[in-house]
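>>> what's the 3D shape of this:
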Amino acid sequence: MNRDKISAFTLKIASSNGCGLISILYDIYEEYETDALENFEAGQVTEAIAALKKCAEVVSHLQKDLNFEYKVSGNLYALYDYVQRNVSKSIYKANTDGLLEAKKVMDELGDAFDQLAKEDTSAPIMQNTQRVMAGITYGKNSLNESVMGNQARRGFWA
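Sure, this is the predicted structure:
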């Protein structure tokens, strides 16, 4: 994943609520999954395995964040475990077989969490973050971003 995509995910995370964060984690997983598939196709096995390890980290994070007060968490845990095993299979066999199996599950879950995120109207988790508006103005060769919000409450004043 390149720096631009990391910056874009950082901006999304800063303004997301709970369901939005989970949806972003699925997007991050999908980005690393795409990187792994492209690297395998290009014959770059070392880079593909590095991307697969990042996929495993994302799934591990999703697993750790489950709230077992809800019954559905047990089912999600089992699905994440299945995905982890398949990603691990792709790592040690150095091929896409396990990853393609995991992709089926993660695509379905990602779509479900995207729908939940659209319906969630709760406030963002992070408070006092900058709002960034993209597309307000365009430069000759680039899109300009404007930072909005109350800057007086950020940082320290001496």
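
>>> alpha carbons only for contacts and neighbour counts from here, please
Noted.

>>> and Asp4, how close does it get to Lys71?
Asp4 sits 38 Å away from Lys71, going by C-alpha to C-alpha, to the nearest Å.

>>> with Asp35 instead?
Here the distance between Asp35 and Lys71 works out to 34 Å (C-alpha to C-alpha).

>>> who has more neighbours, these two?
Regarding Asp35 and Lys71, a neighbour count based on other C-alpha atoms under 10 Å identifies Asp35 as having more, with 20 against 9.

>>> mind telling me what element the more buried one is part of?
Element membership of Asp35 [criterion: DSSP states H and E] is helix 18-41.

>>> least confident secondary structure element in this structure?
The least trusted helix or strand in the chain, going by mean pLDDT, DSSP states H and E, turns out to be strand 131-138, with a mean of 53.

>>> circling back to that earlier point, tell me what the helix holding Asp35 is packed against?
Packing contacts for helix 18-41, counted by 3 or more C-alpha pairs under 8 Å, 6 or more residues apart in numbering; DSSP states H and E, involve helix 3-14, helix 45-64, helix 97-119.

>>> identify whichever of the ones you listed lies nearest to Leu79.
Proximity of the helices and strands packed on helix 18-41 to Leu79 was assessed by C-alpha to C-alpha; the nearest stretch is helix 97-119, lying at 7.4 Å.

>>> as CSV, could you dump the C-alpha coordinates of the closest one?
Once side chains and other backbone atoms are set aside, the C-alpha atoms of helix 97-119 remain, and they are given as CSV (Å, rounded to 0.1, in the frame of the first residue of the first chain):
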residue,chain,number,x,y,z
ASP,A,97,-5.4,-20.7,-3.2
GLY,A,98,-6.2,-19.9,0.4
LEU,A,99,-6.4,-16.2,-0.2
LEU,A,100,-9.1,-16.7,-2.9
GLU,A,101,-11.1,-18.7,-0.3
ALA,A,102,-10.7,-16.0,2.3
LYS,A,103,-11.7,-13.4,-0.3
LYS,A,104,-15.2,-14.9,-0.7
VAL,A,105,-15.9,-14.6,3.0
MET,A,106,-14.3,-11.1,3.5
ASP,A,107,-16.1,-9.7,0.5
GLU,A,108,-19.5,-10.7,1.9
LEU,A,109,-18.7,-9.5,5.4
GLY,A,110,-17.3,-6.2,4.0
ASP,A,111,-20.5,-5.6,2.0
ALA,A,112,-22.5,-6.2,5.2
PHE,A,113,-20.5,-3.8,7.3
ASP,A,114,-20.6,-1.2,4.5
GLN,A,115,-24.4,-1.3,4.8
LEU,A,116,-24.3,-1.1,8.6
ALA,A,117,-21.9,1.9,8.4
LYS,A,118,-24.3,3.7,6.1
GLU,A,119,-27.2,3.3,8.6
